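**Student:** sequence first, predicted model second:
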Amino acid sequence: MKIRSTKVAGIVYGVLLIGLTSVSSNAQPGKVWEFQTKGRVFSSAQVSEGVVIIGSDDHFLYALSAETGDELWKFEAFGKVRSTALIKDSIIVIASGSRLYGLNKASGQMLWKHEPEEIIGVPLFNNQGRWDFHDSSPILVDSVAYYGNDYGTIYGVNIYSGVQTYKFQSEAETAIRTKPAVVGDTLYFGDWDGNLFATKISDTSLVWQSVALTDFGPPFYGQVTTDIIVEGDYLFYGGHLEIVNTVNRQNGNVQEAFRSGGSGWISGFPEVINGNVVIGGSDYHNIISFDKDDFSVNWVYNLSNVERVFSQPFQLDSLLGVAIGGGGGDDSLGAGSILFIDEASAKPVAKITVDAEEGVGHGIMNTPFREGKDLYFGTYGGKVIKVNLDSHIDSLYREVDVDTGIVDFGELRLRSTGYRGRVKRIGIHNTGDGFEYFSTSNLPDSVLKITNDIDYLKPGVSSFLYVDITLPEETPPGFYETTLEIHFNSFPDTIFTKRIKYSIENDLITTADPDEKPKSYSLSQNYPNPFNPSTNISFELAVPGYTTLSIFNVAGREVATLVNELKTKGNHTVTFNAMGFSSGVYFYVLKSGEFVETRKMVLLK
């Protein structure tokens, strides 16, 4: 059987190989630079006037050149820096260890530190639970930064003087892990016990207090695990038990906007995009989009069971970008990926995979900062990375190479009860960086059937279409041919065709005893042996049957397939051309029916 593939050399997947090309060939296309910290990075990057500001668990806040990734300065805080910096004019404001710092953006010099007397000498509760990865990030209103601490307190601090202007203490005194939200004179925040508060900035009075929805009591009390999004008269936030809460911001009434039915966390930060709330989960392992008004679900995108979302989606034209935590293994996108999906349909379009540790809780645990076509983000392994999206956007423009040769089923035996023919595999390989959708149209000949459970192919992944034949009892002998149509999402106006032929011969229409035993099977030693670069392999079949002849290296890996089809009885010879193979010992294995035999050969160059 002759295999032709002009785009993917050396890959044998059957008689049809479809290659999707990309402008990028390295492992991490588009990566501009990376900077290694000495701790894990849960803080989201901020970029201002060519400077990247990002914190690390090594207690440092870093200022890096956005162009080169070089360190400009670093500031050592009281604790881990897991909050997102606030940048205003020449001042950077960052929270760490229940304290707030004001820094000079150019030099990193500390201008002031807000350290309330009541927290001095008191130990910090840096982790409230397994998935407690963030600290409350400051939000700026006029010239005042508002932030929460580990003791259930919200402070307001003037960013120019460092003077405290506001304080509200909750009765529960439970850690506040998310950024407050402000509308007019009202400030909203939640804590680790699932309490949500609305307070007046002008006089610090409590407007209302509500509790997140949950099915259990403490310690699974529906923690407010994500930042609060304000949309019209409602607040949206995620909590424990995979419940997305929506709260009437006038009276604090809580409603359930979405419930997955799982027992994990809504760990991704919500974002409202085109009238829809988009959010991801942890043990839920999904990204969801639902209508912000009636809460009807638009779509659910399934991740693998090792992937989680701890970030906020961002928009790129008609695409949604979502950073993935976790990953690794055959079913995942790759450890530390940013997935791009169509915002309307949730079909995956492209991805970025960075060097990150595999496993639960690893990967990217923060929201990337986008500036034009550049992304800045940190990883669980302590890296800060800049990626340019041009190469990934270009990967959406792909080419498809289809081998239009004929799939030959050979001669088929017809029995009185009908016969299910031998299966042919038609291989499809995605060599690009983008996802590729394809479909096959119904064949005009009902005798042929397609077995296909593939929805799309991930970048670099191969799969098969399985084609088989069912011959009705009344099918007369003769030669038959039909056409298979293949459609690709990249080429909506193009139909790729693949011809398939098969024959029913008079001398094969038989009612022979199915228990009749084979009379002669054999696999001969290849000749010449040793060889360079070609050798012939002969074998004999006692009866017609589906036959494979494969080549393996000494490690047991299949390196070539010479025969993979229905063969008639009798003698057959095929040639193995080892051009491009290295010298050494190889094995060839013949399988036909229940017959299996292996022989050794030597390639000497």
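**Tutor:** Thanks, I have it. Everything numeric in this text was worked out from a predicted model, so none of it was measured. Numbers count the residues shown, from 1 in each chain.
**Student:** how many neighbours does residue 48 have?
**Tutor:** For residue 48, the count of nearby residues is 17 (other C-beta atoms under 10 Å). Placement of C-beta: from N, CA and C, glycine included.
**Student:** shouldn't it be in contact with residue 89?
**Tutor:** No - assessed by C-beta atoms under 8 Å, residue 48 is found out of contact with residue 89, at 9.8 Å.
**Student:** so what touches stretch 196-203?
**Tutor:** 141, 154, 156, 166, 168, 170, 182, 185-191, 205-212, 224, 228, 235, 237, 245, 247, 249, 252, 254 (C-beta atoms under 8 Å, 6 or more residues apart in numbering).
**Student:** and those, which of them are buried?
**Tutor:** Using 16 or more other C-beta atoms under 10 Å as the burial test, the contacts of stretch 196-203 include 141, 154, 156, 166, 168, 170, 182, 186-191, 207-208, 210-212, 224, 228, 235, 237, 245, 247, 249, 252, 254 as buried.
**Student:** does residue 213 count as helix, strand or coil?
**Tutor:** Here residue 213 takes the coil state, with states given by DSSP: H, G, I helix; E, B strand; the rest coil.
**Student:** got a list of what it touches?
**Tutor:** So residue 213 contacts 222, 239, 243, 245, 254, 256 (C-beta under 8 Å, 6+ apart).
**Student:** and the last one, what element?
**Tutor:** With the criterion set as DSSP states H and E, the secondary-structure element containing residue 256 is strand 254-259.
**Student:** list the neighbouring strands of that strand plus their orientation.
**Tutor:** The strands beside strand 254-259 in its sheet (DSSP bridges) come out as strand 243-248 (antiparallel).
**Student:** give me the nearest residue to residue 161, chain neighbours excluded.
**Tutor:** Nearest residue to residue 161, sequence neighbours excluded (C-beta to C-beta, 6 or more residues apart in numbering): residue 112, at 7.1 Å.
**Student:** contact partners for residue 87?
**Tutor:** Residue 87 neighbours (C-beta under 8 Å, 6+ apart): 46, 48, 53, 93, 105.
**Student:** scan these and report the most crowded one.
**Tutor:** With neighbours defined as other C-beta under 10 Å, the most crowded of the contacts of residue 87 is residue 53; it has 27 neighbours.
**Student:** mean confidence (pLDDT) on the helix or strand hosting it, please.
**Tutor:** For residue 53, the enclosing helix or strand under DSSP H and E is strand 51-55. Here strand 51-55 scores 97 as its mean pLDDT.
**Student:** that strand packs against which elements?
**Tutor:** Contacts defined by 3 or more C-beta pairs under 8 Å, 6 or more residues apart in numbering; DSSP states H and E place strand 51-55 against strand 46-48, strand 60-65, strand 91-96, strand 374-378, strand 383-388.
**Student:** list of residues touching the strand holding residue 256?
**Tutor:** With C-beta under 8 Å, 6+ apart as the criterion, strand 254-259 contacts 196, 210-213, 236, 241-248, 277, 279, 288, 290, 295, 297.
**Student:** that strand: which residues count as buried?
**Tutor:** Neighbour-count burial for strand 254-259 [16+ other C-beta under 10 Å]: 254, 257-258.
**Student:** for this protein, where's the lowest mean pLDDT among helices and strands?
**Tutor:** Least confident helix or strand of the chain, by mean pLDDT, DSSP states H and E, is strand 419-420 with a mean of 47.
**Student:** that older thread, need the buried residues of strand 254-259 in JSON lines with distance to residue 584, can you?
**Tutor:** Shown next, in JSON lines, are the buried residues of strand 254-259 (distance: C-beta to C-beta, whole Å):
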{"residue": "254", "distance to residue 584": "69"}
{"residue": "257", "distance to residue 584": "62"}
{"residue": "258", "distance to residue 584": "58"}
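**Student:** of those, closest to residue 30?
**Tutor:** residue 258 (33.5 Å; C-beta to C-beta).
**Student:** any idea which helix or strand comes after the strand holding residue 256?
**Tutor:** Assigned by DSSP H and E, the successor of strand 254-259 is strand 271-273.
**Student:** and the helix or strand following that following strand with strand 254-259, angle?
**Tutor:** Using DSSP H and E, the helix or strand that directly follows strand 271-273 along the chain is strand 276-280. Counting by axes from the mean of the first three to the mean of the last three C-alpha atoms, to 10 degrees, strand 276-280 lies at 70 degrees to strand 254-259.
**Student:** pLDDT (mean, whole number) over the following helix or strand past strand 276-280?
**Tutor:** Following strand 276-280 in sequence order, the next helix or strand is strand 286-291 (DSSP H and E). In this model, strand 286-291 has a mean pLDDT of 87.
**Student:** mind listing what's buried in the helix or strand that comes right after strand 286-291?
**Tutor:** Remark: after strand 286-291, the chain's next helix or strand is strand 297-302, criterion DSSP H and E. Going by neighbour count (16+ other C-beta under 10 Å), the buried part of strand 297-302 is 298-299, 301.
**Student:** next one: stretch 528-543
**Tutor:** 531, 535, 537, 539, 541-543.
**Student:** then stretch 562-576?
**Tutor:** 562-567, 569, 572, 576.
**Student:** before we move on, what about stretch 544-556?
**Tutor:** Buried, per 16+ other C-beta under 10 Å, within stretch 544-556: 544-547, 549-551.
**Student:** want to try TSV for the residues you listed, with secondary structure, distance to residue 71 and pLDDT as columns?
**Tutor:** Listed next are the buried residues of stretch 544-556 as TSV, based on DSSP: H, G, I helix; E, B strand; the rest coil; distance: C-beta to C-beta, whole Å; pLDDT from 0 to 100:
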residue	secondary structure	distance to residue 71	pLDDT
544	coil	71	78
545	strand	68	78
546	strand	63	80
547	strand	63	88
549	strand	59	94
550	strand	54	93
551	strand	53	93
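**Student:** the residue nearest to residue 232 when sequence neighbours are not counted: neighbouring residues, count only.
**Tutor:** Excluding the flanking residues, the one nearest residue 232 by C-beta to C-beta, 6+ apart is residue 292, at 7.9 Å. When neighbours are counted by other C-beta under 10 Å, residue 292 registers 19.
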